[in-house]
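# give me a 3D structure for the following:
(one chain, ligands or ions: 3)
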Amino acid sequence: MADLEKIHKKLENKLKKDRYQHTLGVMYTAGSLAMRYNENLEEALTAGLLHDCAKYGSIKDQIKQCKKHQIKLEKAELEVPALIHAKLGAYLAEKKYGIENPRILDAIRYHTTGRPHMSLLDKIIYLADYIEPGRKMIPGLPEIRYLAFTDINQAVCQCAEATLNYLEKSKRPIDPMTKRTYEYYRTVEE
Ligand code: DGI
Ligand code: FE
Ligand code: FE
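Ligands and ions are numbered 1, 2, ... in the order given. As a prediction, this is how the structure comes out:
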């Protein structure tokens, strides 16, 4: 676990205090879900710790960083800039934090939108991000917290649905992948 210690220190210097606290919440929640579902604990802790590693600086700064590292952003990503930190995060986790494990990098890459056919680790990070103890209380959250530990696919479905409802209500552009996640998990039985 020596590497995790180093990552902790680096992130504490990079992220704002609130974001760092959220990151720790996601890390421990991901660890708990990994214990529940027999997922690799160290992978879950590492992905949880790093999932928002690109979420510092303004959106403009994040776009600049993408340019600098030759990360191509699709038009849709520029229209939904909240998604940029996930793609950039997967890149930084690999290049700046030395993570080679593609399962961890994918969990970071898809933590905001989810995707159809998520791996168990993807689901754990997607849910841990939503349910960690520091999240502001919103209607439906207690049920998703319960479902995360009892019926993980149903939890993913309700989390995606709640996100879509929230985006529709606040009239924000919706990424196709966010929709596909919901459509897939609405009917999935795996
Ligand atoms: O980085 P966090 O704040 O911890 O959480 P996150 O990465 O899940 O999401 C950041 C925001 O992105 C959150 O308010 C939900 C939003 N989001 C997810 N899918 C979409 C989206 N925003 C837009 N505009 N469109 C989407 O498809
Ligand atoms: Fe995020
Ligand atoms: Fe997050």
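# who in this protein is up against ligand 1?
Residues of the chain lying close to ligand 1 by C-beta under 6 Å from any ligand atom are 22, 52, 55, 80, 82, 111-113, 129, 163, 167, 172-175, 178. The way it works is simple: take the backbone N, C-alpha and C, and place the C-beta from them, glycine included.
# mark which of those residues are buried, thanks.
Using 16 or more other C-beta atoms under 10 Å as the burial test, the residues of the chain next to ligand 1 include 22, 52, 55, 80, 111-113, 129, 163, 167, 174-175, 178 as buried.
# return the subset of the residues you listed lying in helices.
22, 129, 163, 167, 178 (DSSP state H).
# which residue lies nearest the spatial centre of this structure?
Central residue of the chain (C-alpha atoms, centre = their mean): residue 111, 2.6 Å from the mean position.
# how about that one, what does it touch?
Applying C-beta atoms under 8 Å, 6 or more residues apart in numbering, we find residue 111 in contact with 51, 86, 89, 122, 125-126, 129.
# repeat that for residue 77.
Contact analysis of residue 77 by C-beta under 8 Å, 6+ apart lists 83-84, 87, 175.
# give me the distance between the closest residue in space to residue 125 that isn't next to it in sequence and ligand 1.
The shortest distance from residue 125 to any residue other than its chain neighbours is 4.2 Å, reached at residue 107 (C-beta to C-beta, 6 or more residues apart in numbering). Using C-beta to the nearest ligand atom, to the nearest Å, residue 107 is found at 12 Å from ligand 1.
# got a list of contacts for the strand or helix carrying residue 107?
Using DSSP states H and E, residue 107 falls within helix 102-109. Applying C-beta under 8 Å, 6+ apart, the external contacts of helix 102-109 come out as 43, 46-47, 50-51, 53, 86-87, 89-90, 93-94, 99, 119, 121-122, 124-126.
# send the alpha carbons of stretch 161-180 over as PDB?
Listed next in PDB are the C-alpha coordinates belonging to stretch 161-180 (Å, rounded to 0.1, in the frame of the first residue of the first chain):
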ATOM      1  CA  GLU A 161     -32.000   7.900 -13.500                       C
ATOM      2  CA  ALA A 162     -31.500  10.400 -10.700                       C
ATOM      3  CA  THR A 163     -28.700  12.100 -12.600                       C
ATOM      4  CA  LEU A 164     -30.800  12.300 -15.800                       C
ATOM      5  CA  ASN A 165     -33.700  13.800 -13.900                       C
ATOM      6  CA  TYR A 166     -31.400  16.300 -12.300                       C
ATOM      7  CA  LEU A 167     -29.900  17.300 -15.600                       C
ATOM      8  CA  GLU A 168     -33.300  17.600 -17.300                       C
ATOM      9  CA  LYS A 169     -34.700  19.700 -14.500                       C
ATOM     10  CA  SER A 170     -31.700  22.100 -14.600                       C
ATOM     11  CA  LYS A 171     -31.900  22.100 -18.400                       C
ATOM     12  CA  ARG A 172     -28.300  21.100 -18.900                       C
ATOM     13  CA  PRO A 173     -27.000  19.200 -22.000                       C
ATOM     14  CA  ILE A 174     -27.000  15.500 -21.600                       C
ATOM     15  CA  ASP A 175     -24.200  13.300 -22.900                       C
ATOM     16  CA  PRO A 176     -25.300  10.300 -25.000                       C
ATOM     17  CA  MET A 177     -23.300   8.000 -22.700                       C
ATOM     18  CA  THR A 178     -25.200   9.200 -19.600                       C
ATOM     19  CA  LYS A 179     -28.400   8.200 -21.400                       C
ATOM     20  CA  ARG A 180     -27.100   4.900 -22.600                       C
END
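# good, we can wrap up now.
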